[in-house]
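Asks: please find the sequence and the predicted model below.
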There are 2 protein chains.
Amino acid sequence: MYVTLSTDDQTGGAAPSISRPCVCARETQIRAGNYLFYEGDEVSWLYQVTAGVLRQTRLLENGRRQVIAFGYPGDVVGFPANGCHHTDCDALVDTRLQPYRKSLLEHPEKDVELHGELLQAALGEISAMQDHFMMLGRKSASERVASFLTVLAGRVGRCHDGVCKVDLPMRRADIADFLGLTTETVSRTLTQMRKSGIIKIENIHSIVVLKPAALTSLSQGGKG
Amino acid sequence: MYVTLSTDDQTGGAAPSISRPCVCARETQIRAGNYLFYEGDEVSWLYQVTAGVLRQTRLLENGRRQVIAFGYPGDVVGFPANGCHHTDCDALVDTRLQPYRKSLLEHPEKDVELHGELLQAALGEISAMQDHFMMLGRKSASERVASFLTVLAGRVGRCHDGVCKVDLPMRRADIADFLGLTTETVSRTLTQMRKSGIIKIENIHSIVVLKPAALTSLSQGGKG
DNA sequence: CGACAATTTGAATCAGATCAAGGCCCGTGG
DNA sequence: CCACGGGCCTTGATCTGATTCAAATTGTCG
């Protein structure tokens, strides 16, 4: 999951699910805190998340970290480059995964339809990442946090009566490393949104969006 | 071209060229300043740059702009998402392009080999963009500019006697919008590098890297 | 309950943005 | 050939949003 807020994308943000499970492998599971793969590992499988949340990270020598993406249901992780994984990937909560052999990507003739769906997932990833550049390069802290919550609410929010409950299984530091901020700034920004009545912080890992429109406005540079 | 400085990537940075020209279309040309496609256009072709430089940009409502990538020889531009282009793309200088039909991507059976090469280009793009995230999210201004020059020197620098001449066909504002900075900051950073003897600014569109090692060190957080 | 980790809050600092000139380059036209 | 004009680019001064450093607080789990 990247923070993409294309104004023309009114699909609600749900990632399309690949229609047909791979014939080769049964759905698998990974426990919270365990790693699915590490940077440098040879790629043998791609995975589509069916339930739970993954975290993909990349480390710089000096300890600086970037959370590249979170993997929510519908997302595909593990696209290879030079045959290798380029991020670490672990599970934030217990997560279920549908594996697809890498060879499906490389040998289209084996299953043209599934190959096409994986390819579409890769192309969608490119587009989403382009949007995310805009955020990292050009948005303020409150715009970033608001964008993040908006996208999350659209993807996995439980909405009724005009409010929208969103779980945040990741730590504040993960959000910060995803948005290019510090934990303190993320925390302050959330506090400010709470004080202005846009969100309610039920507990550290669960917030409620009270004013979705105000949040969207904030995410696009409005005063809130 | 993204700013990717994987420590383990010692290929020198040259993007691999797709081996075989498409049977369907002859190499084409676009003049400096002209647009190859616009955001929202339906994708009919992908293009591999064979000479020249492209610029891919994305605009936010309020005028903020992000340069998504520059297209240097070897790079492939135009990957579709939902059938559409998601950036504007124009030429910074006269540029030659090898077009590939979009259908090559979608119908692997038409030419398995070319399809595979386009797919590899897409996967490489994902990996390169992940590296670029690190830069936009976690690097300082001087690290960004140094990284940019280092990558450019590796890709298209004319090196001899330990120095490396690099053309900068884009304006300072393009570099700024690519790196998530302002033109003033880019300019100041270059001036500082000049004063510390790391680069020479021959003219606005041409710099010489006098101390490549120092530049690399700067790009990774060294004091320079 | 107690201890440690994560989060929040506060104060001070700083990197980069913003605002404002000034200089350079280059094409145009007298 | 040179004066003029308009983009860029550079430089300077100031401002500010976010980071940094430092507690205080809350939450978690044995």
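Replies: Structure received.
Asks: does DNA strand C sit close to the top helix by length along chain A?
Replies: Across chain A, the longest stretch assigned as helix under DSSP state H is helix A:112-138. No. Counting by Cβ under 7 Å from any atom of the strand, DNA strand C has no neighbours in helix A:112-138; the shortest distance is 8.9 Å. For glycine as for every other residue, the C-beta is placed from the backbone atoms N, C-alpha and C.
Asks: in terms of secondary structure, what does the helix or strand just after that helix contact?
Replies: Scanning forward in sequence from helix A:112-138 by DSSP states H and E, the next helix or strand is helix A:141-156. Other helices and strands packing on helix A:141-156, by 3 or more Cβ pairs under 8 Å, 6 or more residues apart in numbering or on different chains; DSSP states H and E, are helix A:112-138, strand A:163-167, helix A:172-179, helix A:183-195, strand A:206-209, helix A:212-219.
Asks: tell me which of the ones you listed sits nearest to A:Thr95.
Replies: strand A:163-167 (13.4 Å; Cβ to Cβ).
Asks: what comes into contact with the closest one?
Replies: If you take Cβ atoms under 8 Å, 6 or more residues apart in numbering or on different chains as the criterion, strand A:163-167 is touched by A:149, A:152-153, A:156-159, A:202, A:205-210, A:212.
Asks: anything in the longest helix of chain A near chain B?
Replies: Yes. Residues of helix A:112-138 contacting chain B under Cβ under 8 Å from any Cβ of the partner chain: A:112, A:115-116, A:119, A:122-134, A:136-138.
Asks: up against DNA strand C, what does chain A have?
Replies: Within chain A, the residues that sit near DNA strand C (Cβ under 7 Å from any atom of the strand) are A:171-173, A:183-184, A:186-188, A:190-191, A:201, A:204.
Asks: returning to that earlier point: tell me the one of the contacts of strand A:163-167 nearest DNA strand C?
Replies: For those, the minimum distance to DNA strand C (Cβ to the nearest atom of the strand) is 7.5 Å, reached by A:His205.
Asks: for the closest one, list the residues it contacts.
Replies: Residues near A:His205 by Cβ under 8 Å, 6+ apart: A:167-169.
Asks: read off the pLDDT value for it.
Replies: With respect to pLDDT, A:His205 scores 95.
Asks: quick one, domains of chain A?
Replies: Split into domains by automatic domain parsing, chain A comes to A:28-135, A:140-219.
Asks: chain center to the shortest one: distance?
Replies: This means domain A:140-219. Counting by Cα atoms, centre = their mean, to the nearest Å, domain A:140-219 is centred 14 Å from the centre of its parent chain.
Asks: next one: the longest one
Replies: For domain A:28-135, the distance between its averaged C-alpha position and the chain's averaged C-alpha position is 10 Å (Cα atoms, centre = their mean).
Asks: so how far is the first residue of it from its last?
Replies: Taking Cα to Cα, to the nearest Å as the measure, domain A:28-135 stretches 33 Å from start to finish.
Asks: one more: the last one?
Replies: Using Cα to Cα, one end of domain A:140-219 lies 9 Å from the other.
Asks: next: stretch A:60-77.
Replies: Taking Cα to Cα as the criterion, the two ends of stretch A:60-77 lie 21 Å apart.
Asks: in that stretch, which residues are buried?
Replies: Residues of stretch A:60-77 classed as buried under the neighbour-count rule (16 or more other Cβ atoms under 10 Å in any protein chain shown) are A:60, A:65-77.
Asks: where does chain A dip in pLDDT?
Replies: Applying pLDDT under 70 to chain A flags the ranges A:5-24, A:223-224.
Asks: what residues does it put near DNA strand D?
Replies: Going by Cβ under 7 Å from any atom of the strand, the residues of chain A near DNA strand D are A:140-142, A:180-182, A:184-185, A:188, A:203-205.
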